[in-house]
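S.K.: Pasting the sequence and the predicted model now:
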Protein chains: 2
Amino acid sequence: MARADTIRHAKRYPCEECPLRPLEVFRAFEKEELAFVSKFKRGELSVDKGATVLVEGAHSAHLFTVLSGWGFRYKLLPDGRRQILNYLMPGDLIGLQGSLMGEMQHSVEALSPMILCMFERDKLQELYRNHPGLAYDITWIASREERMLDENLLSVGRRTALERAAYLIAFISARASSVGLNGKKPVEIPITQQHIADTLGLSLVHTNKTIRKLADRNLVKWRDRGCEVVDVEGLLALARWEGMSEGKRPLV
Amino acid sequence: MARADTIRHAKRYPCEECPLRPLEVFRAFEKEELAFVSKFKRGELSVDKGATVLVEGAHSAHLFTVLSGWGFRYKLLPDGRRQILNYLMPGDLIGLQGSLMGEMQHSVEALSPMILCMFERDKLQELYRNHPGLAYDITWIASREERMLDENLLSVGRRTALERAAYLIAFISARASSVGLNGKKPVEIPITQQHIADTLGLSLVHTNKTIRKLADRNLVKWRDRGCEVVDVEGLLALARWEGMSEGKRPLV
DNA sequence: CGCTTACTTGAGTCTGGTCAAACGGGGTGG
DNA sequence: CCACCCCGTTTGACCAGACTCAAGTAAGCG
């Protein structure tokens, strides 16, 4: 398994010129908040596709925000069965659990090359002391993650295979386009069918057959190592999902 | 569906004499923190067994901490399929998602009579401004919930029916005894098999057969409307679960 | 060109779902 | 006090969605 090895300490993307912050979805920041975040940031971590960013059981001294790229969080059973918990996209926070409670209880892997903004865990105290607004934002972000997990759990527990697949693809696609990951109109999700299987709690073979059904209905197109959404509405309807009601959200 | 109807505004359990706080699991509080929490608390809500405490879609102005009793969080699909997301026990926070993001995305129901400490959502701002330690605690609690959800998702997605049942019962039992819910030695969990089914993503019939297997192995005893744990170790081993590594935690 | 990774497809099996019926205890109204 | 009902549990028969095994294809890469 590849390890995160390409560390860059230079800040190539200073917070003041953050390419994410101007996006519609993110709420505006006070100058003073921005200044603190900039000071809070210690560097950037660049990892290759397939790299393991954080490992279950580790005591990480860091906290990250995804600046670019895709990744996912997962847990393993002792015999190797894997459950993907959620996907990570630009603007998402990584490693909060580890920072607050000491030990990571899940691992994180990159689906594409990623650039992560690195923050010092120890400075979190200072953030809470001096920047209540940012502290609130961090809780907000944790709460959002919880919400996504709730929805995922509902899906895995109670939806049929076809509904699950439709839900998952619609979900990822919605999140991706909210952070402008759809350069060209259709979002292209860089995952394999094995990832989908491990997210939905299905076998690889059955996942393949299920995706085929979605493709036959002209809802998605599967391409080499990735998935293109054709008909979001159709997916939403099939999954009986109302979509995320996302207004502005904070970016730390 | 029963609504929460028995509201008491008098504080019968002042924070200074909180019956929960002396427990081993909860970290000690500064006098000043305690004073704020006491001010933060607006009253108590008493609900009957079966009452719906919070409804998906509602905009609740309140935040609660469970003082006594059992409950659960759940989501429904439009056609009525239900997924139980997690259980609620003394010391747990309810409604944070709603308080932070406006709308509740899940419902909460009481499994037994419950007493809830009620907090004003609006005062949350003040808490974050003046009590960074408490703010930190709230994030910590949100993070803990996330952790439990991760584990649940792993279970529903990747464990077999028998493993799932073993995991769930061990999990609930561990949490219950950490807050002293085991007056008599064996914890008695006040749920029906339908609840277990809806938590594990199984049908009622299959859940029944699965629990029977656990009982045949002398791991649990099913009694009328409740479950008694006989052999925690055995359950843990069967579920291939290491248990929760819980040190002290905050109580708000 | 051979290797690897990812996707397909088919056959046969099994876990878990559905349907249906019955049981048993607690509560209630006659 | 008894009959009845309701809820939760139990059981059996049958079905189907999902799994495993196995083999084959296609694209990318050194």
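M.R.: Noted; the coordinates are in hand.

S.K.: When you work out contacts or count neighbours from here on, use the C-alpha atoms and nothing else.
M.R.: OK.

S.K.: can you list contacts of stretch A:91-105?
M.R.: Residues external to stretch A:91-105 that are found in contact with it (Cα atoms under 8 Å, 6 or more residues apart in numbering or on different chains): A:20, A:54-67, A:75, A:121, A:141, A:179, A:251-252, B:140, B:143-144, B:147.

S.K.: I misspoke; the intended subject was stretch A:159-177.
M.R.: For stretch A:159-177, with Cα under 8 Å, 6+ apart as the criterion, the contacting residues are A:87, A:89, A:155-156, A:182, A:187, A:189, A:196, A:200, A:202, A:207, A:210-211, A:213-214, A:229, A:232, A:235-236, A:238-241, A:243-244.

S.K.: Buried ones among those residues?
M.R.: The neighbour-count test (16 or more other Cα atoms under 10 Å in any protein chain shown) marks A:87, A:89, A:155-156, A:187, A:189, A:196, A:200, A:202, A:207, A:210-211, A:214, A:229, A:232, A:235-236, A:238-241 as buried among those.

S.K.: Tell me which of these fall in strands.
M.R.: In this view, the buried ones among the contacts of stretch A:159-177 that belong to strands under DSSP state E are A:Tyr87, A:Ile189, A:Val229.

S.K.: Closest to DNA strand D out of the residues you listed?
M.R.: Nearest to DNA strand D out of these is A:Ile189 (Cα to the nearest atom of the strand; 15.5 Å).

S.K.: Cross-check the contact I'm expecting between the closest one and A:Asp224.
M.R.: No: with contacts counted by Cα atoms under 8 Å, A:Ile189 stays clear of A:Asp224, the gap being 10.6 Å.

S.K.: How many neighbouring residues does A:Arg223 have?
M.R.: By the measure other Cα atoms under 10 Å in any protein chain shown, the count of residues near A:Arg223 is 12.

S.K.: for A:Asn208, same thing?
M.R.: Applying other Cα under 10 Å, we find 15 residues neighbouring A:Asn208.

S.K.: do the same with A:Ala135
M.R.: A:Ala135 has 24 neighbouring residues, counting by other Cα under 10 Å.

S.K.: Pull up the gap between it and DNA strand C, please.
M.R.: Counting by Cα to the nearest atom of the strand, to the nearest Å, the separation of A:Ala135 from DNA strand C is 38 Å.

S.K.: try A:Glu103
M.R.: Using Cα to the nearest atom of the strand, one gets 29 Å for the distance from A:Glu103 to DNA strand C.

S.K.: In contact with the closest residue to that residue other than its chain neighbours, which residues are there?
M.R.: Residue nearest to A:Glu103 in three dimensions, not counting chain neighbours: A:His59, with 4.9 Å by Cα to Cα, 6 or more residues apart in numbering or on different chains. If a contact means Cα under 8 Å, 6+ apart, then A:His59 has A:Gly98, A:Gly102, A:Glu103, A:Met104 as its contacts.

S.K.: Ok, A:Lys123 next?
M.R.: Shown here is A:Lys123, whose contacts under the criterion Cα under 8 Å, 6+ apart are A:Phe40.

S.K.: For it, report the pLDDT, please.
M.R.: pLDDT, the model's per-residue confidence, is 92 for A:Lys123.

S.K.: how near is it to A:Leu116?
M.R.: 17 Å (Cα to Cα, to the nearest Å).

S.K.: thinking again about what came up before, next step: the buried ones among the contacts of stretch A:159-177 restricted to helices.
M.R.: A:155-156, A:196, A:200, A:207, A:210-211, A:214, A:232, A:235-236, A:238-239 (DSSP state H).

S.K.: can you narrow those residues to ones near DNA strand C?
M.R.: Filtering those for neighbours of DNA strand C using Cα under 7 Å from any atom of the strand leaves A:Ile211.

S.K.: need the ones in helices among the buried ones among the contacts of stretch A:159-177 in TSV with pLDDT and distance to DNA strand D, can you?
M.R.: Supplementary listing: those in TSV, determined by pLDDT from 0 to 100; distance: Cα to the nearest atom of the strand, whole Å:
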residue	pLDDT	distance to DNA strand D
A:Ser155	98	11
A:Val156	98	10
A:Ile196	98	11
A:Leu200	98	8
A:Thr207	98	6
A:Thr210	98	8
A:Ile211	97	11
A:Leu214	97	13
A:Val232	92	21
A:Leu235	96	16
A:Leu236	96	18
A:Leu238	96	14
A:Ala239	95	13
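
S.K.: which among the ones in helices among the buried ones among the contacts of stretch A:159-177 gets closest to DNA strand C?
M.R.: Out of these, the one with the shortest distance to DNA strand C is A:Ile211. That distance is 7.0 Å, counting by Cα to the nearest atom of the strand.

S.K.: mind checking the SS state of A:Gln105?
M.R.: On the three-state scheme (DSSP: H, G, I helix; E, B strand; the rest coil), A:Gln105 is labelled coil.

S.K.: Model confidence score at A:Phe29, please.
M.R.: Here, the pLDDT recorded for A:Phe29 equals 91.

S.K.: do the same with A:Gly183
M.R.: A:Gly183 carries a pLDDT value of 66.

S.K.: in the stretch 101-250 of chain A, what residue is nearest DNA strand C?
M.R.: Residue of the stretch 101-250 of chain A nearest DNA strand C, by Cα to the nearest atom of the strand: A:Thr192 (3.4 Å).
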